[in-house]
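In: I would like the atomic coordinates for the input below:
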Amino acid sequence: MMRRFFIFYFFVLTLTAAAQRVEVTPEDSARVVALLKKAKTERGEENRVLYFARQFLGLPYVAHTLENGNKEHLIVNLHEFDCTTLVETAAALALCDVHDQRTFKDYCHWLTTLRYRDGKLTDYTSRLHYFTWWGEDNEKLGLVTCINQDTKPTAFYEKLVTAKLWDEVQTVNVNYMTTHPGLYKHLKNNPAFVKVIRDYERISSGKSYRYIPKRLLGGKQRNSLGIINDGDILAMITSKAGLDTSHLGIAVWQNGRLHMLHASSLQKKVVLDKQNLYDYQQKQTSQLGIRVFRVNEK
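Out: Numbering: from 1, shown residues only. Alright, predicted model coming up:
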């Protein structure tokens, strides 16, 4: 049975104050506040993103939960996830906790900031549909750090060079949305959006980013892959035409091997995968490796 959603208005402070329509169940809005309250006393030293992601283990995987309605609005859904909404939900809760902000309004501010270009929700084209966009935009806003780029601090660079994790570079060529507009309700119903998305795709295409190839993901935590921390966001680089990434997850170290907590379309729920990330990626022929992002806690 589908839950009834309540839609209401309130002011969300992004860069400016604007009336924001939010779609959420009363249960989910209450859960946001309860989780933030509980984290203040129960999280301890656990990484914030991982702590919050663990709260959703076992909940169902459901795709396309952001496509409700005919007009783009903020959708808050804590009872079902795809890989992107799980990462965004955990990251938004983590940012609330970093800043000791514990209201539902605070959560909506951070979720909007993470999900939309420059932190501003205007229409469907303002959503950060490709993870390249998501990473670039949120790094620009100071919310995340890409830990495997050579423009980062020297300490990261030296560790990566020593670990020989610099072997591969992805040259982005994103066009999947505009070459398959019929697969996206909002593009199908609003042809003018296709040109806007295509312009953004062209800006991104040709840019190059370093990634850790999957052949190296069997490294140990205290050796080559030690630059990756629990709670880091793992973006799976793909060879599929027109796409940059094919899946997202959250890093978890177990017995010295890197695992992933994610919303799994295969297992139909949020899981902490029993197989390590190296074994997982060997079975995914189109996955090439990972880019790694860390939510900033200052």
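
In: if you average pLDDT over stretch 137-148, what comes out?
Out: The average pLDDT within stretch 137-148 is 93.

In: and what of stretch 24-32?
Out: Mean predicted confidence for stretch 24-32 is 97.

In: do the same with stretch 218-227
Out: Rounded mean pLDDT across stretch 218-227 is 78.

In: Show me which residues of it are buried.
Out: The neighbour-count check on stretch 218-227 (16 or more other C-beta atoms under 10 Å) flags 218, 219, 221, 224, 225, 227 as buried. No exception for glycine: its C-beta is placed from N, CA and C like everyone else's.

In: Shouldn't the fifth one be within a helix?
Out: Right, residue 225. No: under DSSP: H, G, I helix; E, B strand; the rest coil, residue 225 falls outside any helix and is assigned coil.

In: Was I right to think it contacts residue 219?
Out: Yes: contact criterion C-beta atoms under 8 Å: residue 225 and residue 219 qualify, at 4.1 Å.

In: now residue 119: how far from residue 39?
Out: According to C-beta to C-beta, to the nearest Å, residue 119 stands 23 Å off from residue 39.

In: cool, and residue 145?
Out: When residue 145 is compared with residue 39 (using C-beta to C-beta), they lie 22 Å apart.

In: same deal with residue 174?
Out: The spacing between residue 174 and residue 39, counted by C-beta to C-beta, is 35 Å.

In: These two - which one has more neighbours?
Out: More neighbours surround residue 174 than the other of residue 174 and residue 39, with 25 against 20 (other C-beta atoms under 10 Å).

In: list the buried ones in stretch 90-106?
Out: Applying a neighbour-count criterion of 16+ other C-beta under 10 Å, one finds 90, 91, 92, 93, 94, 95, 96, 97, 102, 104, 106 buried in stretch 90-106.

In: wait, which of the residues you listed is closest to residue 254?
Out: residue 90 (18.1 Å; C-beta to C-beta).

In: so the closest one sits right up against residue 250, yeah?
Out: Yes: here residue 90 reaches residue 250: they are 6.7 Å apart, a contact under C-beta under 8 Å.

In: Report the distance from the one helix or strand residue 293 maps to to the chain centre.
Out: According to DSSP states H and E, residue 293 maps onto strand 287-295. Using C-alpha atoms, centre = their mean, to the nearest Å, the mean C-alpha position of strand 287-295 is found 11 Å from that of the whole chain.

In: Could you do stretch 193-211 as well?
Out: Worked out by C-alpha atoms, centre = their mean, stretch 193-211 lies 18 Å from the chain centre.

In: what does it contact?
Out: Contacts to stretch 193-211, defined as C-beta atoms under 8 Å, 6 or more residues apart in numbering, come from residues 123-125, 129-130, 132-133, 136, 146, 148-150, 166, 168-175, 177-178, 181, 186-187, 237, 244, 288-291.

In: Among these, which lie within helices?
Out: Counting by DSSP state H, these place 132, 133, 136, 177, 178, 186, 187 in helices.

In: coming back round to it: which of the buried residues of stretch 218-227 sits closest to residue 113?
Out: Among the buried residues of stretch 218-227, and counting by C-beta to C-beta, the member closest to residue 113 is residue 227, at 26.0 Å.

In: Quick check: the closest one vs residue 290, distance?
Out: Taken as C-beta to C-beta, the span from residue 227 to residue 290 is 12 Å.

In: What of residue 238?
Out: Distance of residue 238 to residue 290, given as C-beta to C-beta: 11 Å.

In: which residue ranges form the helices in the chain?
Out: 26-42, 48-54, 83-98, 104-115, 131-140, 154-163, 176-179, 185-189, 191-204, 277-282.

In: mean confidence for the fourth one?
Out: Right, the one you point to is helix 104-115. The pLDDT scores in helix 104-115 average 98.

In: heads up, I number from 677, so please use that
Out: Noted, 677 is the first residue going forward, which turns the last one into helix 780-791.

In: Give me the residues contacting that helix.
Out: 686-690, 696, 698, 705, 708-709, 712, 750, 752, 764-765, 767-769, 771-772, 775, 777, 795-797, 803-804, 810, 814, 817, 819.

In: so residue 767 makes contact with residue 908?
Out: No: with contact defined as C-beta under 8 Å, residue 767 does not count as touching residue 908 (11.0 Å).
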